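K.L.:
how would this look folded up:
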Amino acid sequence: MAASLSNFALDEPMAVTEHPVNILLVDDQPGRLMTYRAILEPLGEHLVEATSGMEALKRLMDDEYAVILLDVNMPGMDGFETASMIHQHPRFEKTPIIFVTAVNVTDMDRLRGYKLGAVDYVMVPVIPEILRTKVVVLAELFRKRRQLQQANIALKAEKARELDKLNASLQQANDALANRNQELQNEVADRIRAEQRLLEADRRKDEFLATLAHELRNPLAPLLNALNVRRLSAPDLDDPLQGLMERQLALLVRLIDDLLDIARITRGKLDLRRGATTLQHVLQSAVETAMPLIEQGGHRLQVQMPTQLVPLHADSMRLSQVFANLLNNAAKYSDAGGQIELLASAAEDGVRVSVRDAGIGLSHEQALKVFELFTQADTAIERARGGLGIGLTLVRRLTEMHGGLVSVRSDGLGLGSEFIVQLPPELSEAAVDAPVGEATSAPTHLTPLSPDANGRRRRALVVDDNRDAADTLGMMLELLGFDVQCLYDPMDFEASFDTFLPEVLFLDVGMPGRSGYDVARALRSGSHGDGVLLVAVTGWGQPEDRRRSSEAGFDHHLVKPPELSAILSICAQLPGATAGQLN
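P.N.:
Have a look, this model is predicted:
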């Protein structure tokens, strides 16, 4: 900035013809103030004097200034402190400052001044032409900026007038919507008050967990549908991201199931879905799950696994959850850039996996209680790490359900921790006779559904107010050999049904205005309702919800997100159908 300002030259400074701007002269020496005034008065600007930093701040509160000429060496508050105070105020943070100094300043002093907002330095004795040139440029920039501000104000006023016109045209529609919104708000308020009077504490907890799982399942349904469509559209494409997304989505669904089964978790009644897997697959899935948190903390992860595959007969997802929880725990309780080690080995006495970190460590008392439910350390730095205190409890219980043991070692606070999972040799021995392959692997090849007796494609109607869920399920059904129609408003169901005459109906239960139960009852009571295969697709999956579906006339109850194999099994029940097969 200093070099660029110095390039301007004024041979004979002239008084400005526009409205003069304010220039603040700050110096504790009256002689210098007189010198500044003598040099700058020919410019025709309004010169304001201040003899100290405090007086300069008071002047700034009263008016707006185009540029500040500020002495560096003043008693009390020097120029650097004054500049810092000025630019800390949002109103003056862009006001240019020219420092004046009678002593040679070092490069570090200049750098300090520039960081505080200085645009240039002037040495004493002051060369009048140079000072006038710098001030003229900054004053002109101030005028241009003020003109731009005025133009912006005028533009905003014009836009405001246009918005007023648009708002007036929409006012009638807004009034109607406001009335409807008020009615809905009144209905919601009445329902909330009724629930608050009737529900007991345990029932409120259960309904909250069920509602949370339902709301989480709704966005998962179109995600899983889209993954199935993607796999069926390109069955021969070997895409590692496809398997990764399927595994992580399946794990997320399982975690949501845990919300509904929290009572079973506290009683240790989780069910394992054992299948053939490998230790390497389990650990790789755990690393994939934990890697975002590890990368967020800038940690270094070292993984050491056996070179030969170690077969296991276990619940791959649950066992992966064990090690993902341990890796997440290590990442959360390590300082940024820490070292985390995942070490696995297999021997005759079983499988040993340890997760070691150099984090905050544990005291002896904390190590004794770390696996208890809802247990967290009490120090302030550890409370700031967050968490509900259930991750390590799940680690212990899931490990024990696999017949293993988990332990922790720490040399004390600030010395890191090591969690060790020991799995019994029976897991590897049972894997020899177990079916080969992962339980979560997705089918890849499709034999389309056979046509009906007249040679026409089978017809399926999907009714869901969530357009993404309806459209992706419809795409999947088309790939399975159906003619599909999607409906987003249950109020239009009868007209669509009578025209399309579907053989199978996938119906969302929780729709606004008209529930899926109401649609199912109306269909079963009509003349064409008996021959239709009726499938409820919903985020509610408790036994009570399944009973309500059956009573309303549904043949099947699918919990979101619906699995492709379950949909195929249902479609195989159509009269005369040869089921599509996935290999």
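
K.L.:
same for the longest helix along the chain, what does it pack against?
P.N.:
Ranked by residue count and defined by DSSP state H, the top helix of the chain is helix 128-198. Counting contacts by 3 or more C-beta pairs under 8 Å, 6 or more residues apart in numbering; DSSP states H and E, helix 128-198 packs against helix 2-6, helix 30-40, strand 67-71, strand 97-101, strand 118-123. (Each C-beta comes from the backbone N, C-alpha and C, glycine too.)

K.L.:
where among those is average confidence lowest?
P.N.:
Among the helices and strands packed on helix 128-198, helix 2-6 carries the lowest mean pLDDT, at a mean of 40.

K.L.:
let's have the helices and strands packed on helix 128-198 in a markdown table, adding distance to residue 333 and mean neighbour count.
P.N.:
Converted to a markdown table, the helices and strands packed on helix 128-198 look like this (distance: least, C-beta to C-beta, whole Å; neighbours: other C-beta atoms under 10 Å):
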| stretch | distance to residue 333 | mean neighbour count |
| --- | --- | --- |
| helix 2-6 | 50 | 13 |
| helix 30-40 | 60 | 16 |
| strand 67-71 | 50 | 27 |
| strand 97-101 | 47 | 23 |
| strand 118-123 | 45 | 20 |
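
K.L.:
residue 150: which of those is closest?
P.N.:
For the helices and strands packed on helix 128-198, the distance to residue 150 is smallest for strand 67-71, at 19.7 Å, taking C-beta to C-beta.

K.L.:
now distance to residue 313 too, for the helices and strands packed on helix 128-198, in TSV please.
P.N.:
Shown next, in TSV, are the helices and strands packed on helix 128-198 (distance: least, C-beta to C-beta, whole Å):
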stretch	distance to residue 313
helix 2-6	75
helix 30-40	89
strand 67-71	78
strand 97-101	75
strand 118-123	73
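
K.L.:
what lies in contact with stretch 48-68?
P.N.:
Contacting residues not belonging to stretch 48-68 are listed as 21-28, 30, 33, 37, 45, 70, 74-79, 81-82, 85-86, 89, 92, 95-98, 135, 138-139, 141-143 [C-beta atoms under 8 Å, 6 or more residues apart in numbering].

K.L.:
which among those residues count as buried?
P.N.:
Taking 16 or more other C-beta atoms under 10 Å as the criterion, what is buried in the contacts of stretch 48-68 is 21-28, 33, 45, 70, 74, 77, 79, 82, 85-86, 92, 95-98, 135, 138-139, 142.

K.L.:
what kind of secondary structure is the spatially most central residue of the chain in?
P.N.:
Using C-alpha atoms, centre = their mean, the residue of the chain that lies closest to the mean C-alpha position is residue 292, 11.9 Å off. Here residue 292 is recorded as helix under DSSP: H, G, I helix; E, B strand; the rest coil.

K.L.:
then residue 272?
P.N.:
Going by three-state DSSP: residue 272 is coil.

K.L.:
ok, now the one 4 residues further on?
P.N.:
The three-state label given to residue 276 by three-state DSSP is strand.

K.L.:
pretty sure residue 306 contacts residue 346?
P.N.:
Yes. Using C-beta atoms under 8 Å, residue 306 is in contact with residue 346, at 5.2 Å.

K.L.:
comparing those two, which residue is more hemmed in?
P.N.:
More crowded of residue 306 and residue 346, by other C-beta atoms under 10 Å: residue 346, with 20 against 14.

K.L.:
which residues does that one contact?
P.N.:
Contacts for residue 346 (C-beta under 8 Å, 6+ apart) come out as 279, 306, 310, 352, 428.

K.L.:
again, but for residue 223
P.N.:
With C-beta under 8 Å, 6+ apart, residue 223 has these contacts: 249, 561.

K.L.:
in the stretch 51-200 of the chain, where is pLDDT below threshold?
P.N.:
Scanning the stretch 51-200 of the chain with the threshold set as pLDDT under 70 gives 103-107, 109, 117-118, 199.

K.L.:
what about 80?
P.N.:
By pLDDT under 80, the weakly predicted segments of the stretch 51-200 of the chain are 93-94, 102-120, 195-200.

K.L.:
any idea how far residue 54 is from residue 28?
P.N.:
Separation of residue 54 from residue 28 (C-beta to C-beta, to the nearest Å): 11 Å.

K.L.:
return stretch 134-148 as PDB; C-alpha atoms alone will do.
P.N.:
Provided in PDB are the C-alpha atoms of stretch 134-148 (Å, rounded to 0.1, in the frame of the first residue of the first chain):
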ATOM      1  CA  LYS A 134      -1.000   9.900   0.500                       C
ATOM      2  CA  VAL A 135      -3.900  11.800   2.100                       C
ATOM      3  CA  VAL A 136      -5.400  12.800  -1.200                       C
ATOM      4  CA  VAL A 137      -5.500   9.200  -2.400                       C
ATOM      5  CA  LEU A 138      -7.100   7.900   0.900                       C
ATOM      6  CA  ALA A 139      -9.600  10.800   1.000                       C
ATOM      7  CA  GLU A 140     -10.700  10.100  -2.600                       C
ATOM      8  CA  LEU A 141     -11.100   6.400  -1.800                       C
ATOM      9  CA  PHE A 142     -13.300   7.400   1.200                       C
ATOM     10  CA  ARG A 143     -15.500   9.500  -1.100                       C
ATOM     11  CA  LYS A 144     -15.800   6.700  -3.600                       C
ATOM     12  CA  ARG A 145     -16.700   4.200  -0.900                       C
ATOM     13  CA  ARG A 146     -19.300   6.600   0.500                       C
ATOM     14  CA  GLN A 147     -20.800   7.000  -3.000                       C
ATOM     15  CA  LEU A 148     -20.900   3.300  -3.400                       C
END
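
K.L.:
which of the contacts of residue 346 fall within strands?
P.N.:
residue 352 (DSSP state E).

K.L.:
got the contacts of residue 346 as CSV, with distance to residue 358 and pLDDT columns?
P.N.:
Converted to CSV, the contacts of residue 346 look like this (distance: C-beta to C-beta, whole Å; pLDDT from 0 to 100):
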residue, distance to residue 358, pLDDT
279, 25, 93
306, 24, 92
310, 27, 91
352, 20, 94
428, 31, 73
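
K.L.:
of the contacts of residue 346, grab the buried ones for PyMOL.
P.N.:
Filtering these down to the buried ones (16+ other C-beta under 10 Å) takes a single PyMOL command:
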select buried, resi 279+310+428
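
K.L.:
turn the contacts of residue 346 into CSV, including distance to residue 239.
P.N.:
Shown next, in CSV, are the contacts of residue 346 (distance: C-beta to C-beta, whole Å):
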residue, distance to residue 239
279, 25
306, 27
310, 26
352, 34
428, 30
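
K.L.:
biggest separation within the contacts of residue 346, which pair?
P.N.:
352 and 428 (12.2 Å).

K.L.:
right, and the secondary structure at residue 513 would be what?
P.N.:
What three-state DSSP gives for residue 513 is coil.

K.L.:
so what's it up against?
P.N.:
So, once contact is read as C-beta under 8 Å, 6+ apart, residue 513 ends up touching 490, 491.

K.L.:
for it, give me the backbone phi and psi.
P.N.:
As for residue 513, its main-chain torsions (degrees, to the nearest 10) stand at phi 90, psi -40.

K.L.:
gap between it and residue 501?
P.N.:
Residue 513 is 24 Å from residue 501, by C-beta to C-beta.

K.L.:
which of the three states applies to the residue nearest to residue 116 when sequence neighbours are not counted?
P.N.:
Nearest non-adjacent residue to residue 116, counting by C-beta to C-beta, 6 or more residues apart in numbering: residue 83, 4.2 Å away. Under the three-state scheme (three-state DSSP), residue 83 adopts helix.
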